[in-house]
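Trainee: sequence and predicted model, in that order:
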Amino acid sequence: MVSKDQRRRQLAREKYARQQQRRTAAQHRARRRNAVIAGAVAVALAAGGAVYASTALIGGDDRTSDAAAGSHRPDDPCRTPAKGSPSRQTWKKEPTMSVDTSASYAVKLATTCGTIGLKLDAGKAPHTVNSFAFLARQGFFDHSRCHRLVDQGIHVLQCGDPTATGSGSPGYTIPDENLKDPRLKGGVYPAGTVAMANSYDGRNPKTRNSGGSQFFLVYQDSKLPANYTPFGTITGGMDVLRKIAAAGATEPDPQTGNTAPHATVVIDRATVTKS
C-alpha cells in the first residue's frame with residue numbers, strides 16, 4: 001500500500017515531468033520562431049555575407065511541419081521550367097556604365113508561374129539598373145530558380161541567384177543607392193517595390209555596397225530598415241506573386257534559415273528593353 005508521503009512524492013515527480021515537457025516544447029517553438037525570423041531577414045544575405053537582424057521584424061510563427069500537422073504539401077501552381085541550365089558565368093568587376101539615366105527600362109520576367117513586369121528607375125539607381133540590365137542581356141537570370149519566399153514578418157520573393165543557394169553572385173558588387181527614397185517612409189518597403197539584396201550586417205560599414213545579382217520583389221508592405229537599394233517597381237504580375245505566396249514556403253533550412261517557395265518558381269527568361 002502506498003503511503004501519503006510516497007503518493008505526494010510521486011505526484012511531485014509527475015508534475016516535474018510535465019513542467020520539463022512544457023519547457024522542452026517551449027524551447028522547440030522558440031528555436032522554430034527564431035529560424036523563421038532569420039529567414040525573414042535573410043533577404044539581406046548574398047554571396048555568403050552576414051545577416052542583419054532587425055528587431056522590427058520580430059514576429060512569432062508557430063507553424064509545425066506538414067507531417068506533424070497532418071497536412072499535405074500544397075499543389076504546385078506552376079508549370080515545368082523550360083529546358084536549359086542556370087548561368088555559371090562571373091565577372092571580375094562591375095560592368096561599364098552604359099545606362100541612360102533619362103530613359104525608362106522595362107523588364108519582363110517570364111517565369112514558370114506567369115509573367116512579372118518591372119519598371120527600373122535608372123535615374124535614382126544607375127549602377128543597380130546598369131548591372132541588372134547587363135546581367136539580363138547576358139542571360140544570367142535565365143533558368144534560375146527564385147530561391148527564397150518570406151511570408152512571415154516581411155513578404156518578399158527573392159530571385160537572381162543561379163545557384164539557388166542564397167550565396168550566388170555575378171562575381172562583383174555594386175554600390176548601395178537610393179536609400180533615402182521617400183517611398184520608404186516609416187521603414188516600410190511598400191508592395192510593388194523591387195530592391196537589391198546585400199550582405200550588410202547592420203554594424204560594419206565595410207559590409208555596405210555589397211549588392212550583386214540577387215533582388216527581391218515585395219508583394220505586400222514589409223517593414224525593413226532602409227538598407228536595400230530600391231531600384232524599380234512591379235508593373236504587372238502581382239497576381240502571380242500572390243499565387244506563389246498562397247502556395248506557401250518550406251520549413252526554414254536548419255543551416256541558413258532560408259524558406260523556399262513550395263511553388264517551382266523559375267525565371268525561364270529575363271529581358272530588358274529601353275524606351
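Mentor: Sure, I can see it.
Trainee: the stretch 51-200 of the chain: helices as residue ranges?
Mentor: Assigned by DSSP state H, counting those that start in this stretch, the stretch 51-200 of the chain shows helices spanning 66-69, 126-137.
Trainee: residue 233: which of the ones you listed is closest?
Mentor: Among those, helix 126-137 comes nearest to residue 233, with 12.3 Å by C-beta to C-beta. (Each C-beta comes from the backbone N, C-alpha and C, glycine too.)
Trainee: could you tell me the least trusted of the helices of the stretch 51-200 of the chain?
Mentor: The weakest mean pLDDT among those belongs to helix 66-69, with a mean of 39.
Trainee: out of the helices of the stretch 51-200 of the chain, which comes closest to residue 150?
Mentor: Of these, nearest to residue 150 by C-beta to C-beta is helix 66-69, at 18.2 Å.
Trainee: how about the helices of the stretch 51-200 of the chain, which one is nearest residue 243?
Mentor: helix 66-69 (19.4 Å).
Trainee: mind listing what's buried along stretch 217-232?
Mentor: Going by neighbour count (16 or more other C-beta atoms under 10 Å), the buried part of stretch 217-232 is 217-220, 222, 224-232.
Trainee: quick check: mean pLDDT across it?
Mentor: 98.
Trainee: endpoints of it, how far apart?
Mentor: In stretch 217-232, first residue to last residue: 10 Å (C-alpha to C-alpha, to the nearest Å).
Trainee: tell me where the stretch 51-200 of the chain has strands.
Mentor: 105-111, 114-120, 144-145, 148-150, 156-159, 188-189, 193-196 (DSSP state E, counting those that start in this stretch).
Trainee: with mean neighbour count, distance to residue 169 and mean pLDDT added, can I get those strands in CSV?
Mentor: Output for the strands of the stretch 51-200 of the chain, formatted as CSV (neighbours: other C-beta atoms under 10 Å; distance: least, C-beta to C-beta, whole Å; pLDDT from 0 to 100):
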stretch, mean neighbour count, distance to residue 169, mean pLDDT
strand 105-111, 21, 19, 98
strand 114-120, 19, 20, 98
strand 144-145, 24, 12, 98
strand 148-150, 27, 15, 97
strand 156-159, 26, 13, 98
strand 188-189, 22, 22, 98
strand 193-196, 26, 12, 98
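Trainee: that's all I had, so thanks and see you.
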